[in-house]
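Asker: Let's see this in three dimensions:
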Amino acid sequence: MAQSVRDTVQSGAGVHARRDDIIRAPEKRRYFPVREAQRHLQDKERRWAPLVYAAFLLAAAAIFCGAYTSYAFSKYRNEILPGVQVDTVHLSGMTSQQATRALYSQLGAMYYKPVRLVYRAWVWEPRKEDIGVSYLVPETVNAALQVGRQESFLEQLLDRMPFHPTHSVPLMYQQNQKQLDAYLQQRVAPKVKRQLLNASLIIRRSHVELQPSRPGVQMDLRNTENAVSSGLGYLSRQTRTVSVDHTSPVVGDASAVAVRDRVEKFLSRTPVIKIGKLLVVTTRADFVPMIGFQDVIGKKSAEIKMTIDDTKVQAYVAQLASRVDRQSANARMDFSGGHVQVISQRVLGRTLDQTSANASLVKVLRNLRPGARLAFTVTVSKPSIDLSNPASLGIRTLLSTGMTSFSGAGETRLSDITAIAQELNGRLLPPDQDISFNLLAGTSWDPRVYQDQEADGPGGAVPGSGGAMQQVATTFLRALFGAGLKLEERHAHSHRLGWYEPPVGYDAVVAPDRDWDLRFMNNTGKYLLLETHMEPIRQELYIYVYGPKLGWSVAVDKLGKISKSIPHGPRVTRVDPSMVPGQERQTQFAHDGAVTDVRRTVSYPHGKVSVDDIHTVYEPWDAVVVVGPNAPPKTPTRGTSTPTPSTTPTPTATPTH
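Answerer: Numbers count the residues shown, from 1 in each chain. Now for the predicted structure:
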């Protein structure tokens, strides 16, 4: 028997053994058939064992999958598969009824306000009715039930596995687009909208102030609609931001500030104006009303432009003119002892050239020249009559006297007549020129002097407190008509006034607001002199006309002629609730109307005679009695159907004509 390796080693201790002695070569080894068979079987087992185990495992897995698939498909019958949710509400394992209740419960928690809109500090929470939204819960539940039931088999199986994917089903709804548009445009857009403001300049308390520019904002309707729609498919209230469009101003603050600084620099050193000898130091308050601002927007540029109000400039220049202008005036004369004497010297006239002044002022404003100095042109005019030699006028005799009475009038009428007559006193009337009463007397009088009214006096109707101008005009008519001058324009009272008679029909009315004047032509070819005289005790006014001897004589009818009488109507009774019952007051007295003529005869040398008439038509007046309530009418104590020296009170703002 072969010796073992161990024995060989032990027996040959201390003797080195070679590899060849220990391991035999394959050709020297002994063959054992049994061992070779075992080795052959082990090699086959190593090759086929994995295949057998794999087949077994596959069979087991197939049996398990089939069993689990059958279980999974049977378990979720009529139930929503796991992993299915609507928004944050999980519906897995629920029936359609359970899912419907769950969705409605969640919708109720939203208070039917499905979406919140915000913009800056504004918040809107529209109700679903406001934006036309209705939720389709049954349809949503049906869509959730269909998850995992319409895909491929493997996808359906995967949805039923413990580790399954998640499916989010959107909440279905219907929306009325018109209602949503209406809500956004009516409720949201007005709050969001902000008007675009260009930079502008205003004047406040005489200083130019900047109104800063501001971008414009308006709601972007389409994008906001999309934002609202994107927040509706949820079971929780969603917040969405209102979409807006911004528009930038075209006129910025920088250009406005530049204009403001220029104007302020000018207003801080306003011009100094010299008008003749008058030096006017202006202030910013004088120029501020003339200045304005406007935006000038072109295709490529935009700016603020200073504007000038021409009417304000003209008004300011006119105000300066009122301080400078003076009408030339002839010297006032007096006829005494057969000679003409000067009682007040002539006055040179001054007139500011307003046209050139306006142009100069506008030019300075346009250029905004601080501290400018201007010189306005003043024209000096001389009076029309040269009185270096009064005796050369040839005034030597009294030609005519005009007289009227206003007996019974009060102090107001007396003082007004005195003042108006003083304007006529000492006036020279140039030859061959128009003579205007309004120009001589002036027109800047209190309106009452044109209102000729009657008043109830102790002895009957007397002149009222107004009407002084008509008293002087009537006296002026009689003086110049009696001197033989040609009458150019004359207006009469509409009714007869007793204190102007006799003669009847020999009165006059002037009214500058109605363009009524009393005008004569000085056809004498000579200078004439007017003098006035007042008798306050007898309440009489006299106007004298002096001039050279003309060689003609003038005769005027002293009574006048009534060619037709126009009867007045019946008495009128009016009730005044403010009066005491039974009280009676007569406010207007009855007067007949009339058609009258006053004739003038002028006899010239060599036998020539000229005759002319003043023709007048007077309207009748009815008596008017005012009584208290329930007062029986009484017969008026005054009134006549024939011409009387009384008139009807006419408390109008225009003169009686």
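
Asker: Now do the contacts for residue 262.
Answerer: residue 368 (CB atoms under 8 Å, 6 or more residues apart in numbering). (Glycine included, C-beta is placed from N, CA and C.)

Asker: what about it, which helix or strand?
Answerer: In the assignment (DSSP states H and E), residue 262 maps to helix 253-268.

Asker: mind listing what residue 609 touches?
Answerer: With CB under 8 Å, 6+ apart, residue 609 has these contacts: 601, 602, 603.

Asker: And the second one, which helix or strand is it part of?
Answerer: Right, residue 602. Applying DSSP H and E as the criterion places residue 602 in strand 593-603.

Asker: who does that strand touch, helix- and strand-wise?
Answerer: Where contact means 3 or more CB pairs under 8 Å, 6 or more residues apart in numbering; DSSP states H and E, strand 593-603 is packed against strand 553-556, strand 561-566, strand 609-618.

Asker: Turn those into CSV, including mean pLDDT.
Answerer: Formatted as CSV, the helices and strands packed on strand 593-603 follow (pLDDT from 0 to 100):
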stretch, mean pLDDT
strand 553-556, 92
strand 561-566, 91
strand 609-618, 93
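
Asker: As JSON lines, the ones you listed with distance to residue 224 would be great.
Answerer: Listed next are the helices and strands packed on strand 593-603 as JSON lines, based on distance: least, CB to CB, whole Å:
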{"stretch": "strand 553-556", "distance to residue 224": "94"}
{"stretch": "strand 561-566", "distance to residue 224": "83"}
{"stretch": "strand 609-618", "distance to residue 224": "81"}
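
Asker: before we move on, back to that, just the buried ones from the contacts of residue 609, in ChimeraX syntax?
Answerer: In ChimeraX syntax, the buried subset of those is picked out as below (16 or more other CB atoms under 10 Å):
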select :602
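
Asker: Mark out where each domain of the protein begins and ends.
Answerer: 77-249, 269-381, 394-627 (automatic domain parsing).

Asker: related to what we said a few turns ago, list the buried residues in the helix holding residue 262.
Answerer: 253, 255, 256, 259, 260, 263, 266, 267.

Asker: Return the most buried member of the domains of the chain.
Answerer: The highest mean neighbour count among the domains of the chain, using mean count of other CB atoms under 10 Å, belongs to domain 394-627: a mean of 18.

Asker: Now do the end-to-end distance for that domain.
Answerer: 63 Å (CA to CA, to the nearest Å).

Asker: try stretch 422-430
Answerer: Distance between the two ends of stretch 422-430: 19 Å, counting by CA to CA.

Asker: rewinding a little: so which of the domains of the chain gets nearest residue 46?
Answerer: domain 77-249 (36.1 Å; CB to CB).

Asker: Low-confidence ranges, the chain, go.
Answerer: Applying pLDDT under 70 to the chain flags residues 1-33, 65-75, 109-111, 156-157, 159, 328-347, 382-392, 459-460, 631-657.

Asker: go again using 50 as the cut-off
Answerer: Scanning the chain for pLDDT under 50 picks out the ranges 1-2, 5, 8-9, 13, 631, 637-655.

Asker: Tell me the helix or strand right after the top helix by length along it.
Answerer: Longest helix of the chain, by residue count under DSSP state H: helix 33-75. Where DSSP H and E defines the elements, the next helix or strand beyond helix 33-75 is strand 84-86.

Asker: Got the phi and psi for residue 587?
Answerer: The phi/psi pair for residue 587 (degrees, to the nearest 10) reads phi -100, psi -20.

Asker: Report the contact partners of the residue nearest to it when sequence neighbours are not counted.
Answerer: Leaving aside its sequence neighbours, residue 587 sits nearest to residue 624 (CB to CB, 6 or more residues apart in numbering; 5.1 Å). Applying CB under 8 Å, 6+ apart to residue 624 gives the contacts 571, 572, 573, 574, 586, 587, 588, 648.

Asker: Show me which of those is closest to residue 154.
Answerer: residue 574 (111.9 Å).
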